[in-house]
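>>> Provided below for reference: sequence and predicted model.
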Amino acid sequence: MKNLRVLIVDDESRIAQLISKLIHWKENGLVPAGIYLDGQQAYEQISSGNADIVITDIRMPVMDGLELIRRSHELHQNSVHFIVISGYREFEYAHTALKYGVEDYLLKPVNENELNATLKRLSTAYSTEQERIKKAENDEQVKKELLSQRAAAFLVQKGTLSSLADFNREYSLCLEDTFYLALSLRLDRHTAVETDATQDRFIIQNIIRIMTEKFSAVVKNQLHTSTDAGTIYFILNYKTGSCAESVLPDIFNELKEYVYAFSQYELTLAFGGEEQFADVTRSICKAEEGIHERIVFGTGKIISPHDLEIKHDALLEEDILDTIRLKTANAVQSLSSPQLSRLIETVFSGIKEKKLYNADAYYETACMFVRFVYDQMSVSSREEQQLNDEIHSCYSVADLSLLLRTRLCAKLDELRVQKQSQAERPIRFAREYVETHYAEKITLENVAGILKLNSSYFSTLFKKETGSNFLEYITEVRIEKAKNLLISTNDTMAGIAEKVGYTDARYFSQCFEKVAGLKPSVYRRLYS
C-alpha cells in the first residue's frame, strides 16, 4: 500500500519548514510532496496528481488558501484532503474552508499532537478504504474466476450450447463471435513416485498462471479448468490471424522447464482444430483425443490434429483376442502368476511390433485382461473400476504392462494362497484329530464324515498335501507313540499295543517292525 503524499503551503518559509519537522512521517505512513510559498505553485502540483494531503495557510500571495481549496475541490472532488492552518480566528475563514470539506482547522502556532492526530486519522481512513477496495476487487476477481472455470467445465463436459449471447450472459463473459481453439495439458506423475496431491495442485495452479500470462498477449479471451486426474483445459478465443498456435512451442518449452525441475512428472500438450463457438466442443474432443494418444506418441510433446491423422482404426483381431482369453483362463485356473506375467508382456510387445497408432489397442487390451482375470475371481466391480481408471492414467506401454503384471499377478498369488489355506485346513484338522484319538478306532470314512468331505476326495487331498495316504499316517503316529512308551514305561507289549490303538499285539509287532525296522522288544533293549 502506498504512503500518502503531504504537500505544505505557506508564504512564510520558516513556518512551512517547522510544520514539516513537526510531522511524524514514518509513524503515520506519510512522505513529503514538497513545500510551496504560494497557492498557485501548489495548485499546479495538485493538478498533476502529486498530492494526497495538503496543509495550507489561508492568507498567501498570488492565490490564497481558500481559493486553492475551492479550485482543487472542483478539480479532484474529495480525493485531496486539506488541513487549514491560520493565525486568524475569524469565523468566516473557518466556515468557508469547512464548506469545501476541509479535514481540520488548526490555529498557529501549530500544536504537534493535534497536527499528527489529524494526519494519523487521515492515514488510517485511507488504509481502511484501500483494504475495502482491494477486498471488493478480490471478491469480484474470485467471482469472475469461478464463473470462468464453470464456463470452461461446462464446455469440457460437452454441455448443450445455447447462443453465444446467452452463454456470455450466463457466465458474465465477453467472448466474441470469432475463433476458438481448445488445448489440453496432462500432468502425469512417475509411477514409482508417491502421490502428493498438494504438490500436484500447486504445480497445476502455476501451469495455469504461466499459460494465462503468456496467452493474454495474443488472444482476446481465455477460459480454463482442471480435473483431479491432472488434466488442464484451455479454451482460447481470438480473431483470425492470431498467433495463438504459433506461440505454443515456446510456451510449452517454458512449462516443461518448470515442471521437469521437480523430476517427478511428465507433461504433454495437445490441441484441437480452430472452430466457431457453435463447434468449440469439436476442438475440445480433438485435444482430448491427442492426450489419450500420448501412450503411442510419447510424453513431453505437443500432439496436433495432424499427428492424429495416422491413427489406425483397427485394434486386435478377434481370433487373437480369443487366444488371449483362453491363455488367460489357463493361467488363472492353474494359479500361475509367472505364466500370466509372460502372457501380458508378450501381448503388449506384439501390439508394439504391429505399430498400431491407436491408444485403445493398449488400453482396451489392458481392460480386457482385467475382465478375463477378475471374471474368474470374486472381485468387486468397484475394485475392477479402480484398476481400469489406473490403466487409463498410464502414459507409457512399459508402465501399463508393469501395472497389469503387478496387480493381476498379485491377485492371482492371493487366490493361490487362499486356496492353499482352504486345502490345508481339513488336513490340519485330520492331523490334530489323529494326535488326539490315535488310541481309538479311526477310519478314513469317519474323519471325512466329520469334515463333511467325500471320502475319496479327502483321501486324494490328504495324499497331495502330506505325501502319505491317511492310513499310513495313522500307523506312523501310533508307532511314534509306541516308541515313547517302550522307552519310558515297563508296560507289556500287549498293554502298549492297546494304548496306541491296536487290539492285537501280534499285529502291532508286525506294524512296528515294518515302520521302525525293528521288533518292539529289540527297540526297547536298544534305546531304553
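That came in fine, so what should we check first? Numbering: from 1, shown residues only.
>>> Output the lowest mean pLDDT helix or strand found in this structure.
The helix or strand of the chain with the poorest confidence is helix 91-99; it has a mean of 62 (mean pLDDT, DSSP states H and E).
>>> ok, then the element right after that helix?
Later in the chain than helix 91-99, the nearest helix or strand by DSSP states H and E is strand 104-107.
>>> I'd like to know which elements that following strand is packed against.
For strand 104-107, the elements it packs on are strand 81-86, helix 91-99, helix 112-156, judged by 3 or more C-beta pairs under 8 Å, 6 or more residues apart in numbering; DSSP states H and E. (Glycine included, C-beta is placed from N, CA and C.)
>>> low-scoring stretches of the stretch 251-400 of the chain, by residue?
Low-confidence segments of the stretch 251-400 of the chain (pLDDT under 70): 313-316.
>>> Which stretches in it count as strands?
265-271, 302-303 (DSSP state E, counting those that start in this stretch).
>>> Out of the helices and strands packed on strand 104-107, which is the most enclosed?
Of the helices and strands packed on strand 104-107, the one with the most neighbours on average (mean count of other C-beta atoms under 10 Å) is strand 81-86, at a mean of 23.
>>> what are the pairing partners of that strand, and which direction each?
strand 53-57 (parallel), strand 104-107 (parallel) (DSSP bridges).
>>> Give the buried residues for the last one.
Neighbour counts over strand 104-107 (16 or more other C-beta atoms under 10 Å) mark 104-106 as buried.
>>> what's the closest of the residues you listed to Tyr171?
Distances from Tyr171 to the buried residues of strand 104-107, taken as C-beta to C-beta, are shortest for Asp104 (48.5 Å).
>>> Would you map the helices across the stretch 351-500 of the chain?
For the stretch 351-500 of the chain, the helices defined by DSSP state H, counting those that start in this stretch occupy 359-374, 381-393, 397-437, 444-450, 455-466, 470-488, 493-499.
>>> So which of the ones you listed is nearest Gly34?
helix 381-393 (64.6 Å).
>>> which other residues reach the closest one?
188, 229, 363, 366-367, 370-371, 374, 400, 403-404, 407 (C-beta atoms under 8 Å, 6 or more residues apart in numbering).
>>> Cys174: which of the residues you listed is nearest?
Of all the contacts of helix 381-393, Cys174 sits closest to Ala229, with 30.3 Å by C-beta to C-beta.
>>> okay, and for the stretch 51-200 of the chain, where does confidence drop off?
76-78, 88-101, 137, 139-140, 192-193.
>>> circling back to that earlier point, nearest to Ile295 among the buried residues of strand 104-107?
Asp104 (73.6 Å).
>>> Residues in a beta bridge with the closest one, which ones?
Counting by DSSP bridges, Asp104 is bridged to Ile83.
>>> Start at 33, not 1
Understood, numbering begins at 33; the last thing we discussed is Asp136.
>>> ok, now which ones touch it?
Going by C-beta under 8 Å, 6+ apart, Asp136 touches 115-116, 146, 150.
>>> now swap in Ala480 and tell me
486-487, 489-491.
>>> Tell me how far it lies from Asn501.
As judged by C-beta to C-beta, to the nearest Å, Ala480 and Asn501 stand 13 Å apart.
>>> Quick check: neighbours shared by the two?
Ser491.
>>> before we move on, back to that, between the contacts of Ala480, identify the one with the most neighbours.
Neighbour counts for these (other C-beta atoms under 10 Å) peak at Phe490, which has 22 neighbours.
>>> what's the closest non-adjacent residue to that one?
Counting by C-beta to C-beta, 6 or more residues apart in numbering, Phe490 lies nearest to Ala480, which is 4.0 Å off, once chain neighbours are set aside.
>>> Please report how far the one you found lies from Val411.
As judged by C-beta to C-beta, Ala480 and Val411 stand 32 Å apart.
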